[in-house]
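Predicted model follows, preceded by the sequence.
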Amino acid sequence: MSVQSVREYLKPFGLDEAIREFSVSSATVELAAAAVGVEPARIAKTLSFFFPPEEQGCLLIVAAGDKKIDNKAFKAQFGFKAKMLPHGLALQLTGHAVGGVCPFALPDHVHVYLDRSLCRFSTVFPSAGSASSAVEMTPDQLFLSSHAEGWIDVCKSVSE
């Protein structure tokens, strides 16, 4: 998917004009934070995982940039072990390449959840479909526009 497809997807939510495109990479939390000009924690990173059956779908978890998956919490939430998608499969299953994976303009077989770590910010910055884009939105706007299935608590600090 391209930034343009995400822009079209976000138009009904009034968020298409909030997309920012950069001349530098925003493919990692650190790069995105530098491009946007915010602390890394406010970058809403989208992590992609296998979702059983593995050939048919995937699970996206959007979390604050200063968090990582807590494997025990993930297994307790979903009933299976967290296994991240390899780069090529992430593109195939989500339509977005790694570095630009976002919770927008997704195929029907993709399940989206938001980690509660995002709720401490007034606005966050998920990718907008490329490795050089982001879109500013509130956590509530993110929930509505991503069609998330729920708020979950499956992350811990990256220092843990």
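Happy to help now that I have it. Numbers count the residues shown, from 1 in each chain.

Just the mean pLDDT for the helix or strand hosting residue 61, thanks.
According to DSSP states H and E, residue 61 maps onto strand 58-64. For strand 58-64, the mean pLDDT works out to 97.

Just the CA atoms of that strand, as CSV, please.
The C-alpha trace of strand 58-64 is given here as CSV (Å, rounded to 0.1, in the frame of the first residue of the first chain):
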residue,chain,number,x,y,z
CYS,A,58,-2.0,-11.8,10.9
LEU,A,59,-2.3,-9.7,14.1
LEU,A,60,-1.1,-6.1,14.4
ILE,A,61,-0.4,-4.6,17.7
VAL,A,62,0.2,-0.8,17.8
ALA,A,63,2.2,0.2,20.8
ALA,A,64,4.1,3.2,22.2
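
quick one: buried residues of stretch 120-132?
Neighbour counts over stretch 120-132 (16 or more other C-beta atoms under 10 Å) mark 121, 123-132 as buried. For every residue, glycine as well, the C-beta is placed using N, CA and C.

and the strand holding residue 61, which strands flank it?
Paired strands of strand 58-64, with direction, are strand 43-50 (antiparallel), strand 110-115 (parallel) (DSSP bridges).

want to throw the buried residues of stretch 120-132 into a markdown table with secondary structure, pLDDT and distance to residue 60?
Below are the buried residues of stretch 120-132 laid out as a markdown table (DSSP: H, G, I helix; E, B strand; the rest coil; pLDDT from 0 to 100; distance: C-beta to C-beta, whole Å):
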| residue | secondary structure | pLDDT | distance to residue 60 |
| --- | --- | --- | --- |
| 121 | coil | 98 | 19 |
| 123 | coil | 98 | 20 |
| 124 | strand | 98 | 15 |
| 125 | strand | 98 | 16 |
| 126 | strand | 98 | 10 |
| 127 | coil | 97 | 11 |
| 128 | coil | 97 | 15 |
| 129 | coil | 94 | 13 |
| 130 | coil | 95 | 16 |
| 131 | coil | 94 | 16 |
| 132 | coil | 96 | 20 |
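
List just the nearest of the residues you listed to residue 146.
residue 126 (8.1 Å; C-beta to C-beta).

Test my guess that that closest one contacts residue 62.
Yes. Using C-beta atoms under 8 Å, residue 126 is in contact with residue 62, at 6.2 Å.

quick one: common contacting residues for those two?
44-46, 103, 142 (C-beta atoms under 8 Å, 6 or more residues apart in numbering).
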